[in-house]
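S.K.: Here you go, sequence then predicted model.
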Amino acid sequence: MSTHILAIDQGTTSTRAIVFDHSGSVVSVGQLEHKQIFPKAGWVEHDPMEIWRNVREVIGVALGKANLTRHDLAAVGITNQRETAVVWDKNTGKPVYNAIVWQDTRTQPIVDRLAADGGVERFKHDVGLPLATYFAGTKIAWILENVDGAREKAERGELLFGTTDTWVLWNLTGGKHGGVHATDVTNASRTLFMDLKTLDWRDDILDVFGVPRAMLPQIRSSSEVYGVAESHSLLREAPIAGILGDQQAATFGQAAFDAGESKNTYGTGNFVIVNTGEEVVHSGNGLLTTLAYRLGDEAPRYALEGSIAVTGSLVQWLRDNLGIISDAKQVEKLAASVDDNGGAYIVPAFSGLFAPYWRPDARGAIVGLTRFVNKAHLARAALESTAYQTRDVLDAVEQDTGVRLRELRVDGGMTANQLLMQFQADVLGIPVVRPTVAETTALGAAYAAGLAVGFWSSRDELRANWQEGARWEPASDRAATEGLYRTWQKAVTKTFDWAE
């Protein structure tokens, strides 16, 4: 009897396989990190073959820990780091270049070239996104323009493109021996190529980018059976039935199914998504218009998103680059050893600023330094920057929608940090709520897959699974907190106009 769902979470720093039961509880986890490759300043890459090896291994670990086999799985869901681009040879199954990661900024000259005719919002009304290095489209163009022989192979129909969901799906379902080349609407909406209304690739935009349509995967819904695992897999014949980009998956896992419902994920970066229902809302305040999800043949659901590039990775930077801490978990204790930030602010514009500023010319800065400031103040400033950046985005959401959130649902690794969560509630002036099941990204992919095969009957059943795990109420002096936030806004301006 099929009693469980497996979710594959192919993230920015690691790949996980998580087994869920019918209540949405975690049964077992397999996880492996993959190497972060930095060939030059601003370049970030992953090895797609390493990722695929890790996918296979973590599946085995998760099934082994749960003492389950493929016969116990009703379906498999996939969630993934969005915008990270893989281009591979469909005949050999080998990538022509490393995956170019969403954080990578090498494509700024391509962005500038495309923006010379119509500005960075040239395609935004149609695709919901400004021209930026963040999105997958410019990364495909870079590979075709810079990898020897790639354009010729692409024009002969020999190369395939996919974000990492597509790479995993293609390999899981047979690879060069008939693998399914598809993605879902949420990932397609992050390429710069998908029309928000028709949910199809735009040939005119592909022509401008110089990307052959034959490279692109078929766009499918977020919840349907795409294919079954190939015969040599541990998942043999299990249906692959759900795909959601990681932030949309976390929103789905938080049961934010309807207009006005939202979540904020605290991971490598922070991503606020606010569901706008069946309405396409165009932002005038630096937010992205994206797909929230689509279930089978239902009407698609849309969302506004605020993408923040650097939050959790700032803590990693304190550890790996400055040596202020030796383990990421130490940052809370160090930050809590002082009463405030000592006047120091860190604006982590390592690859420019994302929402709501969209300033590729910005670079990271530590401002307000005096002889009084020590490493504990810097640790606190790093955590506070995450809360401030979230406030920036939620203020933009309120301006776009006219709706002030009553509470913020949160998930992701940084929500274990009590100091950060309390400061977030103080900065926003609303409660911050974390669910019992913190693995909302993988859970969202599991939910999408389970709905497709009838493992769960409806969104109402999924909503009933959601349970509050922790709550932080605003507790600080409001006037003092607003003063801190105004200084943060001044600090942000100091990062502008740095990169030529």
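M.R.: Arrived safely. Residues are numbered from 1 along each chain as shown.
S.K.: Provide the count of other residues in contact range of the residue nearest to Asp361 when sequence neighbours are not counted.
M.R.: With C-beta to C-beta, 6 or more residues apart in numbering as the criterion, Asp361 has its nearest non-adjacent residue at 4.9 Å, and that residue is Ala499. Every C-beta, even on glycine, is put in place using the N, C-alpha and C of the backbone. Neighbour count of Ala499, defined by other C-beta atoms under 10 Å: 16.
S.K.: Let me know the secondary structure of Ala499.
M.R.: What DSSP: H, G, I helix; E, B strand; the rest coil gives for Ala499 is coil.
S.K.: again with Ile51
M.R.: helix.
S.K.: List the contacts of it.
M.R.: Counting by C-beta atoms under 8 Å, 6 or more residues apart in numbering, Ile51 touches Gln10, Thr15, His34, Ala99, Thr164, Trp167, Val168.
S.K.: could you redo the last one with a cut-off of 7 Å?
M.R.: By C-beta atoms under 7 Å, 6 or more residues apart in numbering, the residues touching Ile51 are Gln10, Thr15, His34, Thr164.
S.K.: Any figure for the gap between the residue nearest to Asp361 and Ala132?
M.R.: Distance, Ala499 to Ala132, using C-beta to C-beta, to the nearest Å: 14 Å.
S.K.: quick revisit: the contacts of Ile51 in helices, which ones?
M.R.: The helices, defined by DSSP state H, take in Thr164 from these.
S.K.: Could you find which two of the contacts of Ile51 are furthest from each other?
M.R.: Based on C-beta to C-beta, the longest span within the contacts of Ile51 runs between His34 and Thr164 and measures 10.6 Å.
S.K.: Show me which of the two is the more surrounded one.
M.R.: Per other C-beta under 10 Å, whichever of His34 and Thr164 has more neighbours is Thr164, with 31 against 19.
S.K.: What is the neighbour count of the residue nearest to Ala214 when sequence neighbours are not counted?
M.R.: The shortest distance from Ala214 to any non-neighbouring residue, by C-beta to C-beta, 6+ apart, is to Gly157 (4.8 Å). By other C-beta under 10 Å, the residues close to Gly157 number 11.
S.K.: Gly157 sits in which helix or strand?
M.R.: Here Gly157 is covered by no helix or strand, with elements defined by DSSP states H and E.
S.K.: Alpha carbons only: can I get stretch 196-215 in PDB?
M.R.: This file holds the C-alpha atoms of stretch 196-215, laid out as PDB (Å, rounded to 0.1, in the frame of the first residue of the first chain):
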ATOM      1  CA  LEU A 196       2.100  35.300 -17.700                       C
ATOM      2  CA  LYS A 197      -1.200  35.000 -19.400                       C
ATOM      3  CA  THR A 198      -0.700  32.300 -22.000                       C
ATOM      4  CA  LEU A 199       1.700  30.200 -19.900                       C
ATOM      5  CA  ASP A 200       3.700  29.600 -23.000                       C
ATOM      6  CA  TRP A 201       7.200  30.600 -24.300                       C
ATOM      7  CA  ARG A 202       7.400  33.900 -26.100                       C
ATOM      8  CA  ASP A 203       9.000  33.400 -29.500                       C
ATOM      9  CA  ASP A 204       9.700  37.100 -29.900                       C
ATOM     10  CA  ILE A 205      11.600  37.300 -26.600                       C
ATOM     11  CA  LEU A 206      13.500  34.100 -27.400                       C
ATOM     12  CA  ASP A 207      14.600  35.700 -30.700                       C
ATOM     13  CA  VAL A 208      15.900  38.800 -28.900                       C
ATOM     14  CA  PHE A 209      17.900  36.600 -26.500                       C
ATOM     15  CA  GLY A 210      19.100  34.300 -29.400                       C
ATOM     16  CA  VAL A 211      17.800  31.200 -27.600                       C
ATOM     17  CA  PRO A 212      16.300  28.400 -29.900                       C
ATOM     18  CA  ARG A 213      12.900  27.300 -28.600                       C
ATOM     19  CA  ALA A 214      13.800  23.600 -29.100                       C
ATOM     20  CA  MET A 215      16.100  23.900 -26.100                       C
END
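S.K.: helix, strand or coil for Thr390?
M.R.: Per three-state DSSP, Thr390 ends up helix.
S.K.: Confirm for me that it is in contact with Asn270.
M.R.: Yes - with contact defined as C-beta atoms under 7 Å, Thr390 counts as touching Asn270 (5.8 Å).
S.K.: Overlap in contacts, those two.
M.R.: Overlap of the contact sets of Thr390 and Asn270 (by C-beta under 7 Å, 6+ apart) consists of Asn264.
S.K.: for the stretch 1-150 of the chain, what spans make up the helices?
M.R.: Applying DSSP state H, counting those that start in this stretch to the stretch 1-150 of the chain gives helices spanning 48-66, 108-115, 124-127, 136-146, 150-155.
S.K.: most tightly surrounded among those?
M.R.: Of the helices of the stretch 1-150 of the chain, the one with the most neighbours on average (mean count of other C-beta atoms under 10 Å) is helix 136-146, at a mean of 23.
S.K.: That one to helix 108-115, inter-axis angle?
M.R.: Between helix 136-146 and helix 108-115, the angle comes out at 110 degrees (axes from the mean of the first three to the mean of the last three C-alpha atoms, to 10 degrees).
S.K.: Can you spell out which helices and strands pack onto helix 136-146?
M.R.: helix 108-115, helix 150-155 (3 or more C-beta pairs under 7 Å, 6 or more residues apart in numbering; DSSP states H and E).
S.K.: what's the spacing between Trp102 and Val96?
M.R.: Counting by C-beta to C-beta, the gap from Trp102 to Val96 is 19 Å.
S.K.: How about Trp201?
M.R.: 21 Å.
S.K.: And for Ser385?
M.R.: 37 Å.
S.K.: Give the residue from those two that has the larger number of neighbours.
M.R.: With neighbours defined as other C-beta under 10 Å, Ser385 and Val96 compare such that Ser385 has more, 23 against 20.
S.K.: Assign a three-state SS to that one, would you?
M.R.: Ser385 - assigned by three-state DSSP - is helix.
S.K.: surely Ala292 meets Gln248?
M.R.: Yes - at 5.9 Å, Ala292 counts as touching Gln248 under the criterion of C-beta under 7 Å.
S.K.: Regarding Ala475, what is its secondary structure?
M.R.: Classification of Ala475 using three-state DSSP returns coil.
S.K.: again with the one 10 residues further on
M.R.: For Tyr485, the secondary structure call by three-state DSSP comes out as helix.
S.K.: Check it and give its pLDDT.
M.R.: If you check Tyr485, the pLDDT there is 96.
S.K.: And for it, the neighbour number?
M.R.: Going by other C-beta under 10 Å, the residues that sit close to Tyr485 add up to 19.
S.K.: dump the residue contacts of it.
M.R.: By C-beta under 7 Å, 6+ apart, the contact list for Tyr485 reads Tyr388, Arg391, Val427.
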